[in-house]
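>>> My questions are about this predicted structure, shown below with the sequence.
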Amino acid sequence: MMQAARERWDFLTKPPGSLGKLEEIGIRLAGIQGTVFPKLEQRAVVVMCGDHGVTAEGVSAFPQEVTGLMIQNFVNGKAAVNVLARQVGCAVHVVDVGSRVEGELPGVRSKKVRAGTANFAQGPAMTPEEAQRAIAVGIEMVEELHQQGVQAVALGEMGIGNTTPSAALAAVLTGRPLAELVGRGTGIDDEKVLHKTRVIEQALAVNRPNALDPLDVLAKVGGLEIAGLVGVVLGAYQRKMVVVVDGVIAAAAALVACRMESGAQEVLFASHLSQEPAHRVLLQEMGLEPILMLDMRLGEGTGAVLALPILEASCRLVAEMATFADLGLDNT
Ligand SMILES: O=C(O)c1ccc[n+]([C@@H]2O[C@H](COP(=O)([O-])O)[C@@H](O)[C@H]2O)c1
Ligand SMILES: Cc1cc2nc[nH]c2cc1C
């Protein structure tokens, strides 16, 4: 199907290759959907939310309570991701897979596996069973979206502290040194970046995650919303749905999913390049090239949602452009 799509792109009324990455995107979409004319009309962003015990170590510029406040903001339709999702016509699904918020908020899918992870600088973030349950929440969510006819899922997340587990996952799964991976997250200074690096070093020494066992790594130094996104990727791969990766946290989840199911990479698109340094390394590891470069580092799925119209442009071009044959011309 990808070969058929490549031929179609070369017959469209333009010099071959002149639509650049839009052509490559279209060819990959054809492979995923099994048609030369892929469609991305129905799309959704899943915002997985969770809290992190490691915030007790002072690794974020913001207090943990902000996770809950932002969950409320998402259901009020007032967060950045809501604004962008409205602009591009994308449904927003907010899933609480592990926040410390008590009770149930209307508009939030309450799927809490536990109220935040444990501080992984002192022991495992969660048990493998908890990680598996959080993965199941993601699979279940994407299964529902599939039944609704959704063709593309954007990976969103919210969790104060979650750039710390993301850097830890990246370090274990890629083998790169922490100095290349640890960043400012929500905006910590140089001194705190060093402290964050030492916290992750300690977490790796205490937990000794097995790099060849992605569930072990995820449970020991991951997060509940990260595990939820692993499930979204795995579920989407099974259903041949397009997955648009957001920033560093979503990319860490995507790499865990790829280590569990090597073919999962086939359905992934990188939306943008975050300012968080581990993001570049994670995308490289998955062979993905970012579409947008906007110096964003917000999360929530904002970059992924913004890239949806670019993916859709590719679908529209191949469906609506005339071919040289339509013009009565030979393209050679
Ligand atoms: O998407 C990114 O690349 C990204 C980079 C830095 C921060 N974030 C967001 O900020 C929060 C994590 O930052 P931090 O400093 O608390 O680890 C979390 O809610 C993420 O959605 C997201
Ligand atoms: C305000 C705020 C909004 C966010 N959205 C995703 N991560 C976030 C972190 C903070 C601090």
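That came in fine, so what should we check first? Ligands and ions are numbered 1, 2, ... in the order given.
>>> ok, now which ones touch the closest residue to ligand 2 within the stretch 1-150 of the chain?
Closest approach between the stretch 1-150 of the chain and ligand 2, counting by CB to the nearest ligand atom: residue 62, at 3.9 Å. Any C-beta I mention is one placed from the backbone N, CA and C, and that applies to glycine too. Neighbour list for residue 62: 160, 186 [criterion: CB atoms under 8 Å, 6 or more residues apart in numbering].
>>> Looks to me like it is in a strand.
No - assessed with DSSP: H, G, I helix; E, B strand; the rest coil, residue 62 is coil; it does not lie in a strand.
>>> List phi and psi for it.
Taking degrees, to the nearest 10, you get phi -120, psi 150 for the backbone angles of residue 62.
>>> any idea how far it is from residue 186?
With distances taken as CB to CB, to the nearest Å, residue 62 is found 5 Å from residue 186.
>>> and what of residue 168?
17 Å.
>>> give the contact list for residue 131.
The neighbourhood of residue 131, defined by CB under 8 Å, 6+ apart, consists of 215, 218, 219, 222, 227.
>>> List buried residues within those residues.
Neighbour counting with 16 or more other CB atoms under 10 Å marks 215, 218, 219, 222, 227 as buried within the contacts of residue 131.
>>> With secondary structure and distance to residue 84 added, can I get the contacts of residue 131 in a markdown table?
Listed next are the contacts of residue 131 as a markdown table, based on DSSP: H, G, I helix; E, B strand; the rest coil; distance: CB to CB, whole Å:
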| residue | secondary structure | distance to residue 84 |
| --- | --- | --- |
| 215 | helix | 33 |
| 218 | helix | 28 |
| 219 | helix | 32 |
| 222 | coil | 26 |
| 227 | helix | 25 |
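>>> among those, which are in reach of ligand 1?
Counting by CB under 6 Å from any ligand atom, nothing from the contacts of residue 131 sits close to ligand 1.
>>> Which neighbours do residue 62 and residue 186 have in common?
Contact with both residue 62 and residue 186 is made by residues residue 160, according to CB under 8 Å, 6+ apart.
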